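J.: okay, predicted coordinates and the sequence, questions at the end:
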Amino acid sequence: MAAATGVESYSEMKEPIIQTINITKSFPGTIALAQFNFELLPGEVHCLIGENGAGKSTFIKILSGVYSPDSGEIIIDNKRYDSLSTQLARGIGIHTVYQDDVLVPHISVAENIYLGSEIMRKRIFMNYRTVYENAEELARHYGIDLDVKEVYENLNPADQQFTKILKTLAQSPKILVLDEPTQVFSINETDLILNIVKKVSATGTGVVYIAHDLDEIIKVAHRVTVLRDGKKVAGHDEGINKLDSTLLAKEMVGRPVELFYKKKKHTIGDIVFEVKNLRLASTSKPIEFSVRKGEILGIAGLKGSGRSAIARSIFGALDRYSGQVIYEGNDITPKNPIEAVRHGLAYLTEDKKANGLFLSMPVDQNITIVGLSSIHRSLIKLKREQDIAGNFISRMKIKTAGLNQEVQYLSGGNQQKVVIAKWLFRDANILIVDEPTHGIDVNAKTEVYELFTELASAGKSIIMISSEMPEIISMSDRVIVIRNCEISKVLSGDDITEHNILAGYLGGTD
Amino acid sequence: MTDNKTRMKPSAANPFFSLLSSQTGYLILVIIAVSVIATILNPRFLSARNIFNVMQQISVLGILTMCMALLMISGNLDISIGNMAGLVGMLFTRMVLSGRPQGIAVITVMILSTVLGLINGLIISKSKTTPLIITLGMSYVYYGISLIISNGRPHSLGGQFEFLGRAKIGPVPITIIIYIVVFALAYLFRKYTTYGRRINAIGGNKEAAFLSGINVDRHIIYLYGISGMITGLAGLVLISRLGMVRADSGSNYALQALAAAIIGGITFEGGRGSLVGAFLGVLLLGIMYNAMNIIGVSSYMQTIFLGAVIVIATVISNIGKIKKQ
């Protein structure tokens, strides 16, 4: 097994190092992975591609023991497992580099690399010299130019990513799992990562590689599996050299029509809201767009594309380099959220638990918090507050044990409705909603869509940020696609297709 | 992952346990239990005179606990309030002793303590630092100023300004009335004013409050100011009851107020907790003290008991959380 064979000969060793059979994993409301079969040979680079929510992350979390599958088997070295634990996965030699791994910020690169597997002298003292030498040797071996004595937090994002990968490689993994390793990289750095992958696989290590960039995958993969909505839709294990990104992109999209919510049409008014010359940093290109009365403008963007930063900067919650926000012809550019709210803007955040809700406070108080001035004279009229909250609860079908139930005990979908109710009570006219249906079940999603449609036809304008294709496509009157904090495409009418949005994500020019 | 937690609702199957699961419920039970035991051991405990006595003893602590409780609900705290009250008492005494009218002295120290509170709030909210450390530092500053203006010596008011500490309306000492009024106003503030509601929201989720258009900094600064003002009042009650003042007269109060608030179910995380609970927390501490005095427990033992009460009460109040996990 340990024999160092060349890249070309991987297929001669037929025995897979890991195999999964009919793995299924569901979360409340969604099936993240359905009957998924997968195998990895020694020395093979097996790429997984698919959109957000296709099931890639779920799968690697199962491989590394974070999630237990509902059913199915994992076979490693002829042993069958129902599920792995994180310790078991590590023991077997499965090591994962996650997108959002965190290392210790204020110790050196070398110390981070050997953290948890310290090199000791007489079992008590850290052997710093060996730590530095080994780390340096490791970096040199994989062709990375890195000062291993530098403090981790001083590194640029790319070098931080290299450190994470080196830390994993120091464990001599049998199976290396890389979750979008090149997201923070320029082209040259990406080539470095691809070289590492080739080098590692040449020693017999199997690599599971997840990426969005299809060209990158074609350069490195021995095999490609395409996932869509938790299912394997295509596998390519031969003729990989002839594979082209257009085919893969086509396979990633193309959903059946039942998955799309059918929005009722309504009339759209004049432009009420404009963003002009918005630049988050001095180096970024200006972002400009406008929204009409009653319009739903979709902002499509992957995580890390800058979509939420744009929303926050419009709302005055994030510093911007330049930009004007215009509402009904007046410059209202908010300096902070206080001004934004005063001008009728609402921002429904992506992570409602972290920054949208007051979890320890009851439902009624969550709904009225931004509009308290309308229910008090000298003191808050508690009766009035309860009536109003009760109204929202029945109108929006919020399931709660009562008005004084703390919102932390509500389900995700109902929590989202509480957040929407909060801004409706304030009578906000421009709603910026960030991933409005993230983590809520299918029925609740439909209810949220109905609510948005109703609001838009009542004359509210909605700016909807989402990385879910069906949502963007079925809800939006127009779509702008964001990539690297810039608008990469503007789509409307029949041009709003999965293919065009994906092309916008990837920076294609067709 | 989070779904188990979100689906779980507080169970109320057994009325006894549901009473226990609410902090105020179990505090009432404990207070009754301590009272019963103390009355059996010494029937004098339940006399009207003794009850007024307890209330009067806890009045300064009780007033300061309201400051601490409101601050904690907003996710803050101020451990300089004890020495701030001491400084107020010292400055007031020096002013009165040097012949200034009592009215002027009262107004001066009330303004001073409000300003000191505002300064605490300003530093904490604008520098985004931890209230614990900032107010710890300020606490030393106030103590130091008290030492300077007193030359390190105790000062007696010589029988002046007894009104606040010793006078009664009918059978009820004025101190108790002041304490009850402060409690009632704090309760109204928390429950019925937009300001109190927003304070609660800031404690519950500062980021969400900011994104809801609440002026977080301003609310926090003003709250520290209000707390400073109430602390000024507590300082005046303190000096009036004692009739004399030392630089460290208020030193013990801040941590006791913190303990009383925590016994009352108010947490460091903020965003929740009831002022009734904090009120009962103070009452429990007062009754424990009094009961031990009446029964004849030595003052050394009393200290141990009080410490143990704080630990036990905090552990009990957390039992609900342990079960959830």
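T.: Alright, I've got the coordinates. Numbers count the residues shown, from 1 in each chain, chains lettered A, B, ... in the order given.

J.: can you tell me the element A:Ile398 falls in?
T.: Using DSSP states H and E, A:Ile398 sits within no helix or strand.

J.: ranges for the helices of the stretch 201-325 of chain B?
T.: B:206-211, B:216-242, B:253-263, B:275-295, B:299-317, B:319-324 (DSSP state H, counting those that start in this stretch).

J.: kindly report the same for the stretch 1-150 of chain B.
T.: Ranges of helices in the stretch 1-150 of chain B, per DSSP H, counting those that start in this stretch, are B:3-7, B:15-21, B:23-41, B:48-73, B:81-97, B:102-127, B:131-150.

J.: turn those helices into JSON lines, including mean neighbour count, mean pLDDT and distance to A:Gln415.
T.: Backbone N, C-alpha and C define where each C-beta goes, glycine included. Below are those laid out as JSON lines (neighbours: other C-beta atoms under 10 Å in any protein chain shown; pLDDT from 0 to 100; distance: least, C-beta to C-beta, whole Å):
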{"stretch": "helix B:3-7", "mean neighbour count": "12", "mean pLDDT": "37", "distance to A:Gln415": "8"}
{"stretch": "helix B:15-21", "mean neighbour count": "13", "mean pLDDT": "57", "distance to A:Gln415": "23"}
{"stretch": "helix B:23-41", "mean neighbour count": "16", "mean pLDDT": "88", "distance to A:Gln415": "25"}
{"stretch": "helix B:48-73", "mean neighbour count": "24", "mean pLDDT": "94", "distance to A:Gln415": "22"}
{"stretch": "helix B:81-97", "mean neighbour count": "27", "mean pLDDT": "96", "distance to A:Gln415": "37"}
{"stretch": "helix B:102-127", "mean neighbour count": "18", "mean pLDDT": "96", "distance to A:Gln415": "28"}
{"stretch": "helix B:131-150", "mean neighbour count": "18", "mean pLDDT": "96", "distance to A:Gln415": "29"}
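
J.: centre of the chain to stretch A:129-137, how far?
T.: Distance of stretch A:129-137 from the chain centroid (C-alpha atoms, centre = their mean, to the nearest Å) equals 35 Å.

J.: please disregard the earlier target; I meant stretch B:66-84.
T.: Centroid separation for stretch B:66-84 versus its chain: 7 Å, with C-alpha atoms, centre = their mean.

J.: what about A:Gly298, how many neighbours?
T.: By the criterion of other C-beta atoms under 10 Å in any protein chain shown, A:Gly298 has 24 neighbours.

J.: any idea what it is bridged to?
T.: A:Met464, A:Val479 (DSSP bridges).

J.: what sits against B:Asn120?
T.: By C-beta atoms under 8 Å, 6 or more residues apart in numbering or on different chains, B:Asn120 lies in contact with B:78, B:80, B:131, B:134-135, B:138, B:224, B:228.

J.: number of residues surrounding the closest residue in space to A:Ile76 that isn't next to it in sequence?
T.: Spatially, and ignoring its direct neighbours in sequence, A:Ile76 is nearest to A:Ile18 (5.2 Å; C-beta to C-beta, 6 or more residues apart in numbering or on different chains). Residues lying near A:Ile18 (other C-beta under 10 Å) number 23.
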